[in-house]
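Participant: sharing a model prediction with you, sequence too.
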Amino acid sequence: MTTGTHPATPLSPAVFAILLSLGEGDKHGYAIMKDAQSPQGGAVRMGPGTLYGSIDRMMRDGLVEESGISDDERRRYYRLTMLGRRTLATELERLDAAVSSAKSLGLLHRPLPKGGRS
Amino acid sequence: MKATASSIEHFYAVALRLYPARFRAAYARAMQQALRDALADPAVSRFTFLPLLFRDLVVSLVKENFAMMRESLARPILVFNALVLAAIATGIALALYVIPLNVLRSGLNDPQIQMAGDLAAKLEHLGLEDGLRQGALPASGNGGNIDMAQSLAPFVIVYDDQGRPLASQAVLNGAVPVPPAGVFDYVRQHGEERVSWQPVRGSQTESGVRIAAVVERVSGAHPGFVLAGRNMREVEARIANVQTLAGLTWLGMLAVIAIGCLAFGWYTRPKAGPPTHATPTA
């Protein structure tokens, strides 16, 4: 099992989006990029350079690892480590607390102006 | 012109060569595959993807190369060696400054030591006031009083035991300056003092004139002091030159060390190899 120190939160948008994507299961690079780009995945638009640069640092930090499983030798699949899972949970709790606070202040669920985006 | 998938892939493959070797070895194929997947994805508009790809390429190239440089050059042994060499260079530069400084400054006292010693011995033998009456203090070489502010000639001043001037070969702005009382107190106890003295004008403002002074005690029934001095202007100019040369030498040595360490760090940087992946969990 990979061990490591708990990375400081808040996480960068790219790291958060990668962790969130891998929270669903083992994925290869392009699948992570697509997940990250979706609104549910953090709406982070990143290219291969940012993706693999982030993965490289996250592997060093012990947040993700290669799964060793691949359907194509050119594709590399990654998965969360225990530390990555804990880090993601910590970040989600932090965001959840912030969202709850915003809700209690009435900052969320306001009717949007006509023509505004949801 | 519409970019074809193969031309984009070719451009990207060439651009990947600009990444650090370790990063390239670890991720180049996976990055190319991610690009291939994106280009093959009908949901992805090339109109929006290509600018993103280009921006991502530039930003990550800078980031990864910078990270590689930091890893190459921030190795503890390299930093330690650079600091040791910098310390040695600093020591050499300090020696280049301090040794000539001391030689120049101590050499500046040479005639004064002899002049003050000779006159103090003569006045001790003859008595302070009698000796002065008998011409123990000769007139200055130029026939008049030496202007301390302008002349580089050494001069002598005789003071009584209270530090009042009795006779002088030199003046500063028409008056004979008096050293601080602490100098006389020290000479009373130790017999001699060698000081860099900045005489003050009558209004107690700084004169800007610095004198290398040797003060000797005159013992006997009527004790006093003999001060032999000399303007430090020329020697201080030489000291300033030495300081400049030592400073430039120091900066030059630091620059050579920095360039050498950077070159060494680059030459001995970690070479491309298999990526250091974490051990998969069971």
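Facilitator: Done, it's in.

Participant: what segments of the stretch 51-200 of chain B are helices?
Facilitator: For the stretch 51-200 of chain B, applying DSSP state H, counting those that start in this stretch gives helices covering B:76-107, B:110-126, B:128-133, B:181-190.

Participant: give me the distance from the shortest one to the chain's centre.
Facilitator: Its chain's C-alpha centre and that of helix B:128-133 lie 49 Å apart, by C-alpha atoms, centre = their mean, to the nearest Å.

Participant: what about B:Lys42, distance to chain A?
Facilitator: Careful, residue B:42 is Pro and not Lys. Distance of B:Pro42 to chain A, given as C-beta to the nearest C-beta, to the nearest Å: 13 Å. Quick note: C-beta positions are derived from backbone N, CA and C, even for glycine.

Participant: wait, is that residue part of a strand?
Facilitator: No - the assignment for B:Pro42, made by DSSP: H, G, I helix; E, B strand; the rest coil, is coil rather than a strand.

Participant: what packs against the lengthiest helix in chain A?
Facilitator: When chain A is parsed with DSSP state H, its longest helix is helix A:82-104. Here helix A:82-104 touches helix A:13-22, going by 3 or more C-beta pairs under 8 Å, 6 or more residues apart in numbering or on different chains; DSSP states H and E.

Participant: returning to that earlier point: ok, and for the longest helix of chain A, which residues are buried?
Facilitator: Using 16 or more other C-beta atoms under 10 Å in any protein chain shown as the test for burial, helix A:82-104 gives A:83-84, A:87-88, A:90-91.

Participant: I figured B:Ser168 hits B:Met148, correct?
Facilitator: No - in this structure B:Ser168 lies outside contact range of B:Met148 using C-beta atoms under 8 Å: 9.7 Å.

Participant: what residues are shared contacts of the two?
Facilitator: Shared contacts of B:Ser168 and B:Met148 (C-beta atoms under 8 Å, 6 or more residues apart in numbering or on different chains): B:Phe155.

Participant: who's more crowded, those two?
Facilitator: Set B:Ser168 next to B:Met148 and count neighbours by other C-beta atoms under 10 Å in any protein chain shown: B:Met148 wins out with 25 against 21.

Participant: which strand residues bridge the closest residue to the more buried one other than its chain neighbours?
Facilitator: Of all residues not flanking B:Met148 in the chain, B:Leu172 sits nearest, at 4.4 Å (C-beta to C-beta, 6 or more residues apart in numbering or on different chains). Bridge pairing for B:Leu172 (DSSP bridges) gives the partners B:Ala175.

Participant: about what we covered before: would you single out the least confident of the helices of the stretch 51-200 of chain B?
Facilitator: Mean pLDDT per stretch puts helix B:128-133 lowest among the helices of the stretch 51-200 of chain B, at a mean of 84.

Participant: residue of the stretch 101-250 of chain B nearest chain A, please.
Facilitator: In the stretch 101-250 of chain B, the residue that lies nearest chain A is B:Trp250 (38.9 Å; C-beta to the nearest C-beta).

Participant: what comes up buried for the helix or strand that contains that residue?
Facilitator: Using DSSP states H and E, B:Trp250 sits in helix B:233-267. Within helix B:233-267, the residues that count as buried by 16+ other C-beta under 10 Å are B:233, B:235-236, B:239, B:242, B:246, B:250, B:253-254, B:257, B:261, B:265.

Participant: so what pLDDT did B:Asn109 get?
Facilitator: So B:Asn109 comes in at 87 (pLDDT).

Participant: just checking, it touches B:Arg194?
Facilitator: Yes - in this structure, B:Asn109 is within contact of B:Arg194 by C-beta under 8 Å, at 5.6 Å.

Participant: identify the contacts common to the two.
Facilitator: Common neighbours of B:Asn109 and B:Arg194 (C-beta under 8 Å, 6+ apart) are B:212, B:214.

Participant: flag the shaky bits of the chain, pLDDT-wise.
Facilitator: In the absence of a named chain, this looks at chain A. Under the criterion pLDDT under 70, the flagged ranges of chain A are A:1-9, A:109-118.

Participant: should've been chain B
Facilitator: Scanning chain B for pLDDT under 70 picks out the ranges B:1-3, B:140-144, B:200-207, B:270-282.

Participant: contacting residues around the residue most central in space within it?
Facilitator: The residue lying closest to the centre of chain B (C-alpha atoms, centre = their mean) is B:Gly247, at 4.9 Å. By C-beta under 8 Å, 6+ apart, the contact set of B:Gly247 is B:93, B:97.

Participant: how much space is there between it and B:Ser196?
Facilitator: 22 Å (C-beta to C-beta, to the nearest Å).

Participant: phi and psi next, for the residue of chain B positioned farthest from its centre.
Facilitator: For chain B, the largest distance from the centre (C-alpha atoms, centre = their mean) belongs to B:Pro42, which lies 65.7 Å off. In terms of degrees, to the nearest 10, the main-chain angles of B:Pro42 are phi -70, psi -20.

Participant: check A:Gly106 too.
Facilitator: The phi/psi pair for A:Gly106 (degrees, to the nearest 10) reads phi 80, psi 20.

Participant: residues near it, how many?
Facilitator: If you count neighbours by other C-beta under 10 Å, A:Gly106 ends up with 8.

Participant: then B:Val59?
Facilitator: B:Val59 has 15 neighbours, counted by other C-beta under 10 Å.

Participant: just to check, it is in contact with A:Pro48?
Facilitator: No - with contact defined as C-beta under 8 Å, B:Val59 does not count as touching A:Pro48 (11.8 Å).

Participant: circling back: pretty sure the residue of the stretch 101-250 of chain B closest to chain A is touching B:Ala87, no?
Facilitator: No - using C-beta under 8 Å, B:Trp250 is not in contact with B:Ala87, being 11.6 Å away.

Participant: any residues in contact with both of these two?
Facilitator: Counting by C-beta under 8 Å, 6+ apart, B:Trp250 and B:Ala87 have no shared contacts at all.

Participant: so how far is B:Trp197 from the residue nearest to B:Asp161 when sequence neighbours are not counted?
Facilitator: Nearest non-adjacent residue to B:Asp161, counting by C-beta to C-beta, 6+ apart: B:Pro223, 4.7 Å away. For B:Pro223, the distance to B:Trp197 (C-beta to C-beta) stands at 21 Å.

Participant: with B:Arg29 instead?
Facilitator: 79 Å.
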